[in-house]
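> here you go, sequence then predicted model.
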Amino acid sequence: TRLILATRNAGKITELRAILAAAGLPHELLGAEDYPDIPDVKETGVTFAENALLKAHTLARATGLPAVADDSGLCVDVLGGAPGIFSARWAGRHGDDRANLELLLAQLSDIDMPHRGAHFACAAALALPDGTERVVEGRLTGTLRLSPHGTGGFGYDPVLQPEGESRTCAELSPEEKNAISHRGKAFRALVPAVRELVGA
Ligand code: ITT
């Protein structure tokens, strides 16, 4: 059976392929790039779960295949949970990871270490062409460092230091990050639903 990943974010695609393969899903994973004609999904939801479902339903309907989608972001305690669902376009241009990271560090420049708590959140959604849906969430809690460290991962990884770690997410190996990440937790929790609704 085939599953389509409803994301155009290269960092997510790499992680999702590894997470789902490690969880033993035998499905052939197609990327949204295999379906270039599909219109961009307007992320009009106000929660990660709503946006993940929007993306999964749009792709499932357009392709006739079961689709999984990820909506995720960084929620900063002293910013009242921002950037949250706006994490990908915090500095203005969608997907400009470097500008987003710079803006975040500038916004937190007056905030010292004990007050730099934050978490990554991920909603993992599965949608079938007939409209059946499932969605689950995962979190990774930590502290935001004062400057970027490491070259791995993507997005805000160079500044988020997971609780109990001395390294940032960008200093972890891909396997280490996936084992504890918001995305790893959410998609491993989605696997039983994929088995139940898609098979295998
Ligand atoms: P798709 O909608 O095509 O999946 P996107 O990048 O637009 O891709 P989102 O709207 O879910 O996806 O935005 C996610 C943003 O949150 C992403 O651009 C990063 O800035 C941040 N983010 C999410 N997961 C992350 C992670 O594991 N590490 C670092 N930053 C992350």
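On my side now, so go ahead.

> confidence score at residue 137?
We have a pLDDT of 98 for residue 137.

> surely it is within a strand?
Yes. Under DSSP: H, G, I helix; E, B strand; the rest coil, residue 137 falls within a strand.

> pretty sure it contacts residue 186?
Yes. Residue 137 is in contact with residue 186 according to Cβ atoms under 8 Å; the separation is 5.7 Å. C-beta coordinates here come from the backbone N, C-alpha and C atoms, glycine included.

> which residues do the two both contact?
Taking Cβ atoms under 8 Å, 6 or more residues apart in numbering as the contact rule, residue 137 and residue 186 both touch 122-124.

> ok, and the most crowded of these?
residue 124 (32 neighbours; other Cβ atoms under 10 Å).

> may I ask which helix or strand encompasses that one?
If you go by DSSP states H and E, residue 124 is part of strand 117-127.

> excluding its backbone neighbours, what's nearest the residue most central in space within the chain?
Centroid check for the chain by Cα atoms, centre = their mean gives residue 72 as the closest residue, at 3.9 Å. Excluding its sequence neighbours, the residue lying closest to residue 72 (Cβ to Cβ, 6 or more residues apart in numbering) is residue 122, at 4.0 Å.

> can you pull the pLDDT of the residue of the chain found nearest the ligand?
Minimum separation of the chain from the ligand (Cβ to the nearest ligand atom) falls at residue 155, amounting to 2.4 Å. You'll see residue 155 listed with a pLDDT of 98.

> same check on residue 26?
For residue 26, the model assigns a pLDDT of 81.

> report the contact partners of it.
1, 200.

> what about residue 129, which helix or strand?
Using DSSP H and E, residue 129 sits within no helix or strand.

> can you pull the contacts of it?
With contacts defined as Cβ under 8 Å, 6+ apart, residue 129 is in contact with 60-61, 63-66.

> wait, residue 144 touches residue 161, no?
Yes. With contact defined as Cβ under 8 Å, residue 144 counts as touching residue 161 (7.5 Å).

> wait, residue 107 sits on residue 80?
No. Residue 107 lies out of contact with residue 80 (Cβ under 8 Å); the separation is 11.8 Å.

> looking at these two, which is more packed in?
Each of residue 107 and residue 80 has its neighbours counted (other Cβ under 10 Å); residue 107 has more, 15 against 8.

> mind checking how far the closest residue to residue 14 other than its chain neighbours is from residue 7?
When the adjacent residues along the chain are set aside, residue 14 lies closest to residue 174, with 7.4 Å between them (Cβ to Cβ, 6+ apart). The gap separating residue 174 from residue 7 is 17 Å, by Cβ to Cβ, to the nearest Å.

> those two: which is more packed in?
The residue with more neighbours, out of residue 174 and residue 7, is residue 7; 23 against 14, by other Cβ under 10 Å.

> just among the contacts of residue 129, which is most surrounded?
Sorting those by how many neighbours each has (other Cβ under 10 Å) puts residue 60 first, at 25 neighbours.
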